[in-house]
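S.K.: just coords:
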């Protein structure tokens, strides 16, 4: 059974005039919350169970999606105080029933085939997107499919970015001493070799709704979706 953790605790500070009093993943996209479109994508991918990792103004998400949405079972991993992306995933893994699952950022739209994200001998596989002339993201260097390094955010003429969809083993954090609150991205940058992390490049459209320009672009992209 395909299970997915969606990180949906974002505040959306850079979209404050747009999202106002709701979590960023609930930003209005043509009359529907952004999360609706993620659920549509997951339904098409055959996902049967979603764990929503929620924190900030979680009641807006819980009231909208309830315990089933578009035929997908919905569970909630509730953070009483923000745990960071790593802490949120670690807590949400308590609800995962399989030995592996997917993790998706609740503020990005990227639609690769989930079946093409395979673990093989890794504890994690990252979805990557080739981009040119970017400075909002760090770059990921791969060699024969394995992560070789993470480069800090700066201007890149070209490169691969972390597109925010992962396949992970449920026991990915076993053997590590971690605070309850930590960044998953930092965890990856430190431990990617121990995790035998791999990266798979997809050419699907990628949109991060974290800034207003991309939020408006997302509305156009999903207008007839």
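M.R.: Yes, it's here. The shown structure was predicted, so the numbers you read here are calculated from the model rather than taken from an experiment.

S.K.: how about the strands in the chain?
M.R.: Taking DSSP state E, the strands of the chain run over residues 3-7, 28-29, 32-33, 49-54, 68-69, 72-78, 100-105, 108-109, 124-134, 139-143, 146-151, 156-169, 198-202, 207-208.

S.K.: Ok, which of those strands comes nearest residue 85?
M.R.: For residue 85, the closest of these is strand 3-7, at 5.9 Å, according to C-beta to C-beta. Glycine gets a C-beta too; all of them are placed from N, C-alpha and C.

S.K.: Packing partners of that closest one?
M.R.: Judged by 3 or more C-beta pairs under 8 Å, 6 or more residues apart in numbering; DSSP states H and E, strand 3-7 is in contact with helix 34-44, strand 49-54, helix 84-92, strand 100-105.

S.K.: So residue 84 versus residue 182, what's the distance?
M.R.: 5 Å (C-beta to C-beta, to the nearest Å).

S.K.: Which residue lies closest in space to the spatially most central residue of the chain, excluding its sequence neighbours?
M.R.: The centroid of the chain falls nearest to residue 105 when counting by C-alpha atoms, centre = their mean (2.0 Å). Among residues not flanking residue 105 along the chain, residue 164 sits closest, at 3.7 Å (C-beta to C-beta, 6 or more residues apart in numbering).

S.K.: On the pLDDT front, check that neighbour for me.
M.R.: You'll see residue 164 listed with a pLDDT of 94.

S.K.: And the one 10 residues further on, by the same measure?
M.R.: According to the predicted model, the pLDDT of residue 174 comes to 97.

S.K.: And residue 146, by the same measure?
M.R.: 97.

S.K.: quick one: contacts for it?
M.R.: 196-199 (C-beta atoms under 8 Å, 6 or more residues apart in numbering).

S.K.: Of the residues you listed, just say which sits nearest to residue 30.
M.R.: residue 199 (32.1 Å).

S.K.: So which bits of stretch 90-98 are buried?
M.R.: Neighbour-count burial for stretch 90-98 flags 90-93, 95-96 (criterion: 16 or more other C-beta atoms under 10 Å).

S.K.: How many residues are close by the residue lying closest to residue 97 once chain neighbours are set aside?
M.R.: Closest residue in space to residue 97, ignoring its immediate chain neighbours: residue 3 at 6.7 Å, by C-beta to C-beta, 6+ apart. For residue 3, the neighbour count with other C-beta atoms under 10 Å is 21.

S.K.: same check, this time on residue 177
M.R.: Neighbours around residue 177, by other C-beta under 10 Å: 5.

S.K.: what's it in contact with, if anything?
M.R.: Contacts of residue 177 (C-beta under 8 Å, 6+ apart): none.

S.K.: heads up, I number from 3, so please use that
M.R.: Sure, I'll start numbering at 3, so the last one becomes residue 179.

S.K.: pretty sure residue 163 contacts residue 143?
M.R.: No. If you go by C-beta atoms under 8 Å, residue 163 and residue 143 don't touch, sitting 11.4 Å apart.

S.K.: ok, these two, which is more surrounded?
M.R.: Between residue 163 and residue 143, residue 163 has the larger neighbour count (other C-beta under 10 Å), namely 21 against 13.

S.K.: got a list of what that one touches?
M.R.: 130-131, 133, 136, 139-142, 208.

S.K.: hmm, 7 Å instead?
M.R.: Residues in contact with residue 163 (C-beta atoms under 7 Å, 6 or more residues apart in numbering) are 130-131, 133, 136, 139, 141-142.

S.K.: Please spell out the ChimeraX selection for the buried subset of those residues.
M.R.: Command for ChimeraX that selects the buried part of the contacts of residue 163, burial taken from 16+ other C-beta under 10 Å:
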select :130,131,133,136,139,141,142
